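Visitor: give me the fold of what follows.
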Amino acid sequence: MKNALVVEDSAIMREIIVSSLSTFPEISSVEVTNGFEALKVLPQKSFDIILTDINMPDINGLELLSFIKNHPNYRAIPVVIISTEKSEADRKRGLALGADDYLTKPFDPKDLEMVIKKLLRLK
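Guide: Numbering: from 1, shown residues only. Below is the predicted model of the structure:
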């Protein structure tokens, strides 16, 4: 079983992301509403992928991404940013900080499924 951490402050968007993940029977998801909660959950469980928004209260997605990619225990975990920030500069910034992929909202669930298959090497 693979574990996904979904970091998203919008309940509706969290539900859409988790619903997309549910197409993979081998993935279990943990949901949190911001980067601060993600930091509390990270040491409690082993995660295979992290899906995060950028604009969230407390610790935003870019701060969370920076922490993950600079921490020896977490830096190998693939991170996908799913954000309303659509500019090429935002995308480049997220990828430069170490994100493995960047999707903009609203996203096609098929696109997310392809990214997950690629990053987790699923069939």
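Visitor: could you measure from the closest residue in space to residue 84 that isn't next to it in sequence over to residue 2?
Guide: In space, and not counting its chain neighbours, residue 84 is closest to residue 105: 4.8 Å by Cβ to Cβ, 6 or more residues apart in numbering. All C-beta spots, glycine's among them, are computed from the backbone N, C-alpha and C. From residue 105 over to residue 2 the distance is 24 Å, taken as Cβ to Cβ, to the nearest Å.
Visitor: do residue 19 as well
Guide: Distance, residue 19 to residue 2, by Cβ to Cβ: 17 Å.
Visitor: who has more neighbours, these two?
Guide: Taking other Cβ atoms under 10 Å, residue 19 and residue 2 do not tie; residue 2 has more neighbours (16 against 12).
Visitor: show the backbone phi and psi for that one.
Guide: For residue 2, the backbone dihedrals are phi -100, psi 150 (criterion: degrees, to the nearest 10).
Visitor: and the closest residue to it other than its chain neighbours, what pLDDT?
Guide: Among residues not flanking residue 2 along the chain, residue 48 sits closest, at 4.1 Å (Cβ to Cβ, 6+ apart). On the pLDDT scale, residue 48 is placed at 98.
Visitor: each with direction, which strands does the helix or strand hosting residue 102 pair with?
Guide: Secondary structure assigned from DSSP states H and E places residue 102 in strand 101-104. Each strand pairing with strand 101-104, determined using DSSP bridges, is listed with its direction: strand 79-83 (parallel).
Visitor: please state the offset of the next helix or strand after the strand it pairs with from the chain centre?
Guide: Using DSSP H and E, the helix or strand that directly follows strand 79-83 along the chain is helix 88-96. Relative to the chain's own centre, helix 88-96 is displaced by 15 Å; criterion: Cα atoms, centre = their mean, to the nearest Å.
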